[in-house]
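> Coordinates for the following, if possible.
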Amino acid sequence: MIINRYFLKSIFSYTLTISLIFILIIVSSRSIQYLEQAARGEINPEIVFLVVLLRFPEFLELILPLSFFLSIILSLGKYRADSEFVIMEQLGFSLGRVYFSLLFPVLIISSFVFYSSSTLTPKLDSKVENLLRAESMQDKYNSLQPGEFHRLGQTTVLLAESRNKDVLGNVFIKIANDESERIIKALSARLIGENKNELHLERGEIYFLQDTESILSLTFDEFTLKDLDLGDFRNYEVNLDNNSLSLWPLSLITMIVISVLISLPLSKISARQGRFSRVLPALLIFAVYTGMILSFKDSHLENLRYVIATHSVFLFFGLFMNFYVFRKV
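Numbers count the residues shown, from 1 in each chain. Take a look at the predicted model:
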C-alpha cells in the first residue's frame, strides 16, 4: 500500500509538472497567434485573454494524456536508474501490480478528457466562435464609410448617405441571387443581435424584382436582415455533427489506455542509462500516434474503420513491446 502511494505520488507529480510546462508553451503560442490577428485588425485585442481562457480545456485534452504517458516513463525510469525498482519488485510490486496501480489515474484522466471533449469543449468553442464573429462583424461594420459602396458577402451591396456613431442614415441595399433581386431603402440602419450579424432597418421600402415585368413593393416601419455576412471574414460556424463529436472522445480514451500499454516496456532501462534516455523516443511515438488520430478528429462514423485500424496498430505495437521486453519476467 505504501509502495502504491509512493508510485502514484510520483505519477501525479510528474503529470502536473509536465502539464504546466506544455500549458505555458501552448498558451504562449496561441496568445501570440491571436495577438498577430489583433494587430492585423481581424479580432479585438481586448478579447484575446478571454479566447485563450475558453480554449483551455481543449488544450488539456491532449496535454494530459501526453503528460501522463511521459510521467510513467520518467517515474519508472527513475526507479530503475536508481535501482529502486529492484527493491520494489522484491516487495511484491510486480508488472501486474504496476498496471493495477495505474487504473486509478487512467480513470481520472479519461473521465476528464471524455467530459471535456464530448461536452465542455464544444460548448466553449461555440462561445469562442460567436465571440470572434461578433467582434469581427462589429469591426467590419465600424469600417463602413458613408458615400461609398460596400460589398457584404457575395450577394449584397450597401450604400449609406451619412453616419452618426453606430447608426447609418439613408441606406440603400441591393440583394441579388440567381432566383430574385431585392432593393431596400431605409431611413436608418444599425447592427443588433447577440452575434452582431443582424441589420435593423427603420422606415423604408422593399422592392422585389421577380422579372422585368413584375415589381412588388412593401413599406415597413422596422425590418431586420438576419445572418448578415459583413465581408471576407472566416466562417466561424461550429460543426456540431453528432457523428464526428461522438468519435473523438472515445478515440482519446482509447489512446490513453494504449499509451499506458506502450509506456511500461518503453520505461525499462538499465541502471547505467539515464532516466531521460527514453523521453525522446516516447515523444516521437506519441507524436505519431496523436497526429494519426487528429487526422480523423472531424471524421464521420463512415471512417470508423480507419480510426479502429490506427488504434489497432498501436495496440499490437504495445502488446509486442510488452511481450518482447517482459518475456523473461
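
> which other residues reach stretch 10-30?
52, 55-56, 59-60, 63-64, 66-68, 70-72, 74-75, 78, 102, 105, 109 (CB atoms under 8 Å, 6 or more residues apart in numbering). Just so you know, the C-beta spots here come from the backbone N, C-alpha and C atoms, and that holds for glycine as well.

> at 7 Å what do you get?
Outside of stretch 10-30, the residues within contact range by CB atoms under 7 Å, 6 or more residues apart in numbering are 52, 55, 59, 63-64, 66-68, 70-72, 74-75, 105.

> Strands of the stretch 101-250 of the chain, start to end?
Using DSSP state E, counting those that start in this stretch, the strands of the stretch 101-250 of the chain run over residues 149-152, 156-164, 167-176, 181-192, 198-211, 214-225.

> How about the longest one, which residues are buried there?
This points to strand 198-211. Buried residues in strand 198-211, counted by 16 or more other CB atoms under 10 Å: Glu198, Leu199, His200, Leu201, Gly204, Ile206.

> now the last one
Judged by neighbour count (16+ other CB under 10 Å), strand 214-225 contains these buried residues: Phe223, Leu225.

> That one: how far from the chain's middle?
Relative to the mean C-alpha coordinate of its chain, strand 214-225 is positioned 42 Å out (CA atoms, centre = their mean, to the nearest Å).

> strands paired with it, and their directions?
Strand 214-225 has its sheet partners listed here by DSSP bridges as strand 198-211 (antiparallel).

> so for the partner strand, what's the average pLDDT?
Averaging pLDDT along strand 198-211 gives 81.

> switch to numbering from 8
All right, first residue 8 from here; so that's strand 205-218.

> contacting residues around it?
The contact list for strand 205-218 (CB under 7 Å, 6+ apart) reads 178, 187-199, 222-233, 235.

> how deep is Ile33 tucked in, by neighbour count?
A total of 18 residues lie near Ile33 under the criterion other CB atoms under 10 Å.

> The host helix or strand of Leu326: how far from the chain's middle?
Assessed by DSSP states H and E, Leu326 sits inside helix 311-332. Relative to the chain's own centre, helix 311-332 is displaced by 26 Å; criterion: CA atoms, centre = their mean.

> what do you get for stretch 46-63?
Per CA atoms, centre = their mean, the displacement of stretch 46-63 from the mean C-alpha position of its chain is 14 Å.

> Quick one: end-to-end length of that stretch, please.
End-to-end distance of stretch 46-63: 22 Å, with CA to CA, to the nearest Å as the criterion.

> Can you pull the domain assignment for this protein?
Following automatic domain parsing, the chain resolves into domains at 9-146+245-332, 161-232.

> Now those domains in CSV, please, with extra columns for distance to Glu155.
Shown next, in CSV, are the domains of the chain (distance: least, CB to CB, whole Å):
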stretch, distance to Glu155
domain 9-146+245-332, 17
domain 161-232, 7
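
> Make a markdown table out of the strands of the stretch 108-257 of the chain and add distance to Gln280.
Shown next, in a markdown table, are the strands of the stretch 108-257 of the chain (distance: least, CB to CB, whole Å):
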| stretch | distance to Gln280 |
| --- | --- |
| strand 156-159 | 64 |
| strand 163-171 | 67 |
| strand 174-183 | 70 |
| strand 188-199 | 64 |
| strand 205-218 | 64 |
| strand 221-232 | 68 |
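
> Out of those, which gets nearest to Val120?
Taking CB to CB, strand 205-218 is the member of these nearest to Val120, at 37.3 Å.

> how big is the angle separating that closest one from strand 188-199?
For strand 205-218 and strand 188-199, the angle between their directions (axes from the mean of the first three to the mean of the last three CA atoms, to 10 degrees) works out to 180 degrees.
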